[in-house]
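[1] With the sequence up front, the predicted model follows.
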Amino acid sequence: QVQLVESGGGLVQAGGSLRLSCAASGSIFSINNMGWYRQAPGKQRELVAAITRGGITNYANSVKGRFTISRDNAKSTVYLQMDSLKPEDTAVYYCNAAIATMSDSYTYLERWGQGTLVTVSS
């Protein structure tokens, strides 16, 4: 079994910062792309940021210059540093990763974390 466990969400005032972490565990052979998505009430889930195994990053326009995604391949962990937070960043943030397991090292399947709530007050 493979699990993604997020941490670091919470309540913060506008202009503040939070750092989200997501650790993958289980029978992991390899992890390809990792990323963060978010879903605000009444809205569809959207990509926030993604990072390849080699460190190439991609950001939603709404968070460019404020959020930074990074990963530690040795720890199978992806991070999202969120600065200059705005009330419109309020959402449940989900970790996503393409993972190949020991039992099938050729197939990368998308896995999701359980989500962590980020609330930004004005």
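    Looks like it came in fine. Numbering: from 1, shown residues only.
[2] Quick check: which element contains the residue most central in space within the chain?
    Nearest residue to the geometric centre of the chain (Cα atoms, centre = their mean): residue 36, 2.8 Å. For residue 36, the element it lies in under DSSP states H and E is strand 28-39.
[3] contact partners of that strand?
    2, 20, 22, 24, 45-53, 69, 71, 73, 76, 78, 80, 89, 91-102, 105, 108, 115, 118 (Cβ atoms under 8 Å, 6 or more residues apart in numbering). In this view, the C-beta of every residue, glycine as well, is placed from N, C-alpha and C.
[4] Measure how the helix or strand following it sits relative to strand 28-39, angle-wise.
    Sequence order places strand 46-51 as the next helix or strand after strand 28-39, per DSSP H and E. Here strand 46-51 runs at an angle of 140 degrees relative to strand 28-39 (axes from the mean of the first three to the mean of the last three Cα atoms, to 10 degrees).
[5] which helices and strands does the helix or strand just after strand 46-51 pack with?
    The C-terminal neighbour of strand 46-51 among helices and strands, as given by DSSP H and E, is strand 57-59. The contact analysis (3 or more Cβ pairs under 8 Å, 6 or more residues apart in numbering; DSSP states H and E) places strand 57-59 against strand 46-51, strand 67-72.
[6] Same list, the ones you listed, but as a markdown table with mean pLDDT please.
    Output for the helices and strands packed on strand 57-59, formatted as a markdown table (pLDDT from 0 to 100):
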| stretch | mean pLDDT |
| --- | --- |
| strand 46-51 | 98 |
| strand 67-72 | 98 |
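[7] Just put those strands in JSON lines and tack on mean neighbour count.
    As requested, the helices and strands packed on strand 57-59 are arranged in JSON lines below (neighbours: other Cβ atoms under 10 Å):
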{"stretch": "strand 46-51", "mean neighbour count": "19"}
{"stretch": "strand 67-72", "mean neighbour count": "18"}
